[in-house]
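1. Sequence and computational prediction follow.
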Amino acid sequence: FFPVAVAFCAVLFSCDEGNEQETESEVSRAAFLPVDSTYANPYRPQFHFSPRSQWMNDPNGMVYFQGEYHLFYQYYPDSTVWGPMHWGHAVSRDLVHWEHLPIALNPDSLGYIFSGSAVVDWKNTTGFGSVNEPPLIAIYTYHHPETTLQTQAIAYSTDRGRNWTKYDHNPVLPNSGIKDFRDPKVFWHEPSSQWIMILAEASQVGLYGSLDLKSWEPLSKFGQYDGNHGGVWECPDLFQLSDAGVNSRWVMIVSIGSGGPAGGSASQYFIGDFDGKEFRNDYGADQEMWLDYGKDNYAGVTWSDVDPNDGRRIFLGWMSNWQYATKVPTESWRSAMTLPREMVLYQTREGYRVASRPVQEVYQLRIDTTVVNSKLLSGSADWSEVYPSDSTLLNFELTLSDVSNTGFGWELLFENELEEYISLGFDQESNQFFIDRTESGDHSFSEDFSGIQYAKRISGQSQMSLSIWIDRSSIEVFADNGTVVMTDLFFPTLPFDRWTLESGDQSLAVEGRIHQLSSIW
Ligand code: FRU
């Protein structure tokens, strides 16, 4: 299907009125991308989204419409390092298998197309469609390469996101001179009957209201003194989450470019209330809460307009870190997204927190399962002998009992014959999980890559659950039902095809399942 679809789109792109600077040759260069269609490179993720080729960063414009999950992304079609940003585009019906579509938004005379969101304009407030055929609206940042000024703009599609027309009165939210003024996330707020935009503004977020997505009024600011300010604030999101009962809170996600708990980029969140005008933090301004304690989950936001009968809040992050994103040793493409994750609000002794877990759709990837019957382990056990696997794409679902009695904790190592490994462990004394990638293969490309990341355990239960997902060059760990999450990249010389569990002198009771996973490509 691909060459035909791409060629078709190249023709349509030239009709886009907003792309004033775009020449015919630029259009076709962007449209006819070099293809790594096999996805066969040893580091190429097999069950995570990655672009067919070239550079990708943040997920953008995630919206669900007529059975399709749209994923746009920061994209530079001419290189494997960051450059003039476009919105790449893919769709999925199940959040697992992706169909690549042509570039949706190209840079033009107003600037590069930076991060943003998309919504279904159900009431046709913009007038770009009709109530019967509501338009999709993308709300994005223009970054002017010379002035570096950033403004907010919109584009619309009336054909299920296949073609986009930029609004001819862009920008819809000009900039009075704030240096970092970007990444609009928009949602419809029913109680106040208006669109709300949350925007990153240097060291805080701005909230704006609109009736038609075209003219915006400032509502309030939040965060100047709240949370972590180790880096510039980017890619905010704001949504309501219900706990298992009748209560709900508003969750605000704010990514920071540097200064995260594991070094470099990371995403923090706040919990509070939003009344259509202001966000109020439930907890103290000093409170820091992180979505992920690994090094490689950044700029993540959630899907808009997920079917209300479904009701989930689904998150996707960029699986990299600005410390080394442009240097990781992949050849024809750079970067992948995390697994899509469902966000859940839960109560702790200190108040509400957000947990996240892979969406259940990813379970369809399980092609072969080995049951690990309840076992008492001590010392070091070579699990790959007991539980051999043809695949190095793996999902471990384990339950460990009496973790507080080991006097040591445990460490699960994924290794190759060169003695490279990535390990996940739990240190009982400090009550912390860790991922150690100091010996995980190539880390020559950046001094910031090698290292150990730590995450405090939140649950106090003696039983511990682990959901571990290993792709060719990434590990995602959801501990204790997703209350502690860690995401990390690795680049081994050979695939990790053996796994060992170490549990010190004390015995550790383990049971669960090891699933081999299939590739989505
Ligand atoms: C986050 C970010 C955004 C910006 C985009 C540019 O990774 O810096 O703030 O819109 O990337 O590509």
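-> Everything's here; your move. A quick note: this is a predicted structure, and the numbers were derived from the prediction, not measured. Residues are numbered from 1 along each chain as shown.
2. Find the nearest non-adjacent residue to residue 154, please.
-> Of all residues not flanking residue 154 in the chain, residue 167 sits nearest, at 4.8 Å (Cβ to Cβ, 6 or more residues apart in numbering). C-beta here means a position set from N, CA and C on the backbone, and glycine is covered the same way.
3. Quick check: the one you found touching residue 142?
-> No - distance between residue 167 and residue 142: 11.5 Å, which falls outside the contact criterion (Cβ atoms under 8 Å).
4. Could I get the average pLDDT for stretch 397-406?
-> Along stretch 397-406, the predicted local confidence has a mean pLDDT of 79.
5. Likewise for stretch 201-208?
-> Regarding stretch 201-208, the rounded mean pLDDT is 97.
6. Likewise for stretch 223-234?
-> Stretch 223-234 shows a mean pLDDT of 97.
7. any idea what residue 505 is structurally, helix, strand or coil?
-> For residue 505, the secondary-structure state derived from DSSP: H, G, I helix; E, B strand; the rest coil is coil.
8. so who does residue 417 touch?
-> For residue 417, the contacting residues are 494, 497, taking Cβ atoms under 8 Å, 6 or more residues apart in numbering as the criterion.
9. hang on, residue 43 packs against residue 332?
-> No - taking contact to mean Cβ under 8 Å, the distance of 10.4 Å between residue 43 and residue 332 leaves them out of contact.
10. Settle it for me: which of those two has more neighbours?
-> When residue 43 and residue 332 are compared on other Cβ atoms under 10 Å, the one with more neighbours turns out to be residue 43, at 22 against 15.
11. Tell me who's in contact with the closest residue to the more buried one other than its chain neighbours.
-> Taking Cβ to Cβ, 6+ apart, and ignoring the residues beside it in sequence, residue 43 has residue 473 as its nearest neighbour in space, at 4.3 Å. For residue 473, the contacting residues are 43-45, 330, 489-492, taking Cβ under 8 Å, 6+ apart as the criterion.
12. From those residues, pick the one nearest residue 462.
-> Comparing the contacts of residue 473 against residue 462 with Cβ to Cβ picks out residue 490 as the nearest, at 30.5 Å.
13. Next one: the residue of the stretch 151-300 of the chain found nearest the ligand from residue 266, what distance?
-> Among the residues of the stretch 151-300 of the chain, residue 234 lies nearest to the ligand; the distance is 3.6 Å by Cβ to the nearest ligand atom. For residue 234, the distance to residue 266 under the criterion Cβ to Cβ, to the nearest Å works out to 11 Å.
14. number of nearby residues for residue 57?
-> Neighbours of residue 57 (other Cβ under 10 Å): 22.
15. check which helix or strand covers it.
-> strand 54-65 (DSSP states H and E).
16. Per-residue pLDDT of the residue nearest to residue 154, please?
-> According to the model's per-residue confidence, residue 167 sits at a pLDDT of 98.
17. if we can go back for a sec, in terms of secondary structure, what does the helix or strand where the residue of the stretch 151-300 of the chain closest to the ligand lies contact?
-> Take DSSP H and E as the rule and residue 234 turns out to sit in strand 233-242. Secondary structure elements in contact with strand 233-242, counted by 3 or more Cβ pairs under 8 Å, 6 or more residues apart in numbering; DSSP states H and E, are strand 181-189, strand 194-201, strand 204-210, strand 248-256, strand 266-274, strand 298-302, strand 341-348.
18. wait, which of those strands is closest to residue 95?
-> Ranking those by their distance to residue 95 (criterion: Cβ to Cβ) puts strand 341-348 first, at 10.0 Å.
19. So what are the sheet partners of that closest one and their directions?
-> According to DSSP bridges, the neighbouring strands of strand 341-348, each with its direction, are strand 314-318 (antiparallel), strand 351-358 (antiparallel).
20. Please identify the buried residues of it?
-> By neighbour count on 16 or more other Cβ atoms under 10 Å, the buried set for strand 341-348 is 341-345.
21. List the strands paired with the helix or strand following the strand holding residue 57, with their directions.
-> The C-terminal neighbour of strand 54-65 among helices and strands, as given by DSSP H and E, is strand 68-76. Take DSSP bridges as the rule and strand 68-76 pairs in its sheet with strand 54-65 (antiparallel), strand 86-92 (antiparallel).
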